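[1] Below are the sequence and a predicted model; questions follow.
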Amino acid sequence: MQKDIATPIRTKEILKKYGFSFKKSLGQNFLIDPNILRNITHFAQLTNESGAIEIGPGIGALTEHLARTSKKVVAFEIDQRLFPILEDTLSPYNNISLIHQDILDADLQKVITEEFKDVKDVMVVANLPYYVTTPIILKLLEANLPLRGIVVMLQKEVADRIAAKPGTKEYGSLSIAIQYYTIAETVMIVPNTVFMPQPNVDSAVIRLMKRTEPAVVVKDEGFFFGVVRMSFAQRRKTILNNLTNGLPNGKEKKADIIKALETVGIDPKRRGETLSIPEFGALSDELWDAFH
Ligand code: SAM
């Protein structure tokens, strides 16, 4: 087996050979520690029957670990300058497709159907570009793709918000948007020294395993997420206050809101950040009836 791309020496050699300069605007912080890469692929639980989607292969550090541990890898990279490098560094592997595209523009349903015909499961595994972490994860989940799960490196602060439990200051609409579809857990805190160049925020790896059913089954998903967003609009205000301000004609229909809260056993004086996802589900269904 060839020496890992992700050793500091080999990464420096590759960057020098191609005269590559990092673009901060594209979140280019490459991994230079093979142990971290082994851990990431371990957490993804890939087998020789798995398909892996990577976002932003860079010079191929993670891509080669995915190629070694899965049946097939499809990697999306936005930066054209990296393609001649990737063709070189990944030449020992014949199970990788590289796509030059912004992941946010990609038709992932089509790619999965065409590229992963003969795999048993599909995981997204990536060291994400930090400027666009949340839109990428939400795109992957909201499109209802046939994924087993997602294992990604991202800013620790965002990982904390995604995996947060009710009653904590990190818990908010992002936690609910993601935990609605997945079981979320931070599996690794990662020191800055494993990146080149080093990012100026702390990093973590998060694992999101898709649920077979959403965390709560609601009458209307759009309305449910609307109620969640309203409930966190002003974190210091009570749930009643936020809902009367957020719902259409909420002030006039305050009595209906109080009744809905009481019917589902939620004290109107509680704050949104204390409500669990099932509580938000019950509340949104009750309000749906009062507001439609
Ligand atoms: N996977 C490599 C590693 O771990 O060393 C590089 C990770 S680096 C944090 C993020 C990568 O995502 C860069 O290669 C960057 O060019 C690419 N990228 C940035 N924005 C992207 C987008 N919207 N779509 C696809 N790739 C993107």
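    The structure has been received and is ready for your questions. Numbers count the residues shown, from 1 in each chain.
[2] who touches the spatially closest residue to Met230 that is not a sequence neighbour in this structure?
    Spatial nearest neighbour of Met230, excluding adjacent residues (Cβ to Cβ, 6 or more residues apart in numbering): Gly246 at 3.0 Å. Every C-beta, even on glycine, is put in place using the N, C-alpha and C of the backbone. Counting by Cβ atoms under 8 Å, 6 or more residues apart in numbering, Gly246 touches Gly226, Arg229, Met230, Ser231, Ala233.
[3] quick one: secondary structure of the third one?
    The three-state label given to Met230 by DSSP: H, G, I helix; E, B strand; the rest coil is helix.
[4] Surely it and Leu243 touch.
    Yes. The criterion here is Cβ atoms under 8 Å, and Met230 meets it with Leu243 at 5.9 Å.
[5] Looking at those two, which has the bigger crowd around it?
    Leu243 (25 against 20; other Cβ atoms under 10 Å).
[6] what are the phi and psi values for Gln198?
    Main-chain dihedrals, Gln198, degrees, to the nearest 10: phi -80, psi 130.
[7] what about it, how many residues close to it?
    Gln198 - counted by other Cβ under 10 Å - has 13 other residues nearby.
[8] now do Asp202
    So Asp202, with other Cβ under 10 Å, has 14 neighbours.
[9] Report the spatially closest residue to it, excluding sequence-adjacent ones.
    Closest to Asp202 by Cβ to Cβ, 6+ apart is Lys156, at 3.9 Å.
[10] how close does that neighbour sit to Leu15?
    26 Å (Cβ to Cβ, to the nearest Å).
[11] can you pull the buried residues of stretch 222-232?
    Phe223, Phe224, Phe225, Val227, Val228, Arg229, Met230, Ser231, Phe232 (16 or more other Cβ atoms under 10 Å).
[12] Mind listing the residues bridging to the residue in the stretch 151-292 of the chain positioned nearest to the ligand?
    Across the stretch 151-292 of the chain, the shortest distance to the ligand (Cβ to the nearest ligand atom) belongs to Met153, at 7.2 Å. Counting by DSSP bridges, Met153 forms beta bridges with Asn127, Val205.
[13] Residue for residue, what is the longest helix the protein has?
    helix 277-291 (DSSP state H).
[14] Could you pull out the buried residues of that helix?
    Neighbour-count burial for helix 277-291 [16+ other Cβ under 10 Å]: Ile277, Glu279, Phe280, Gly281, Ala282, Leu283, Ser284, Asp285, Glu286, Leu287, Trp288, Phe291.
[15] Pick out the lowest-pLDDT one from those residues.
    Lowest in pLDDT among the buried residues of helix 277-291 is Phe291, which has 91.
[16] Would you format the contacts of Gly246 as TSV with distance to the ligand and pLDDT included?
    Below are the contacts of Gly246 laid out as TSV (distance: Cβ to the nearest ligand atom, whole Å; pLDDT from 0 to 100):
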residue	distance to the ligand	pLDDT
Gly226	28	97
Arg229	25	97
Met230	30	97
Ser231	31	98
Ala233	29	97
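[17] Just give me the closest of those to Pro8.
    Using Cβ to Cβ, Arg229 comes nearest to Pro8 of the contacts of Gly246, at 43.7 Å.
[18] and that closest one, what is it in contact with?
    With Cβ under 8 Å, 6+ apart, Arg229 has these contacts: Ser173, Gly246.
[19] quick one: contacts of the longest helix of the chain?
    So helix 277-291 is contacted by 176, 179-180, 215-220, 223-224, 227-228, 231, 243, 247-248, 253, 256-257, 259-261, 263-264, 266, 275 (Cβ under 8 Å, 6+ apart).
[20] Now, these that are in strands?
    Among those, the subset assigned to strands under DSSP state E is empty.
[21] Out of these, which end up buried?
    Members of those classed as buried by 16+ other Cβ under 10 Å are 176, 179-180, 215-216, 218, 223-224, 227-228, 231, 243, 247, 253, 256-257, 260-261, 264, 266, 275.
[22] Widest-spaced pair of the contacts of Gly246?
    Most distant of the contacts of Gly246, by Cβ to Cβ, are Gly226 and Ala233, 10.8 Å apart.
[23] For this structure, which segments count as strands?
    Going by DSSP E, the chain shows strands at 30-31, 50-55, 72-77, 96-100, 121-127, 149-155, 182-190, 195-196, 203-210.
[24] Kindly tell me how buried the residue nearest to Arg10 when sequence neighbours are not counted is, as a neighbour count.
    Nearest residue to Arg10 in three dimensions, chain neighbours excluded: Lys3, at 5.7 Å (Cβ to Cβ, 6+ apart). For Lys3, the neighbour count with other Cβ under 10 Å is 10.
[25] Good, wrapping up.
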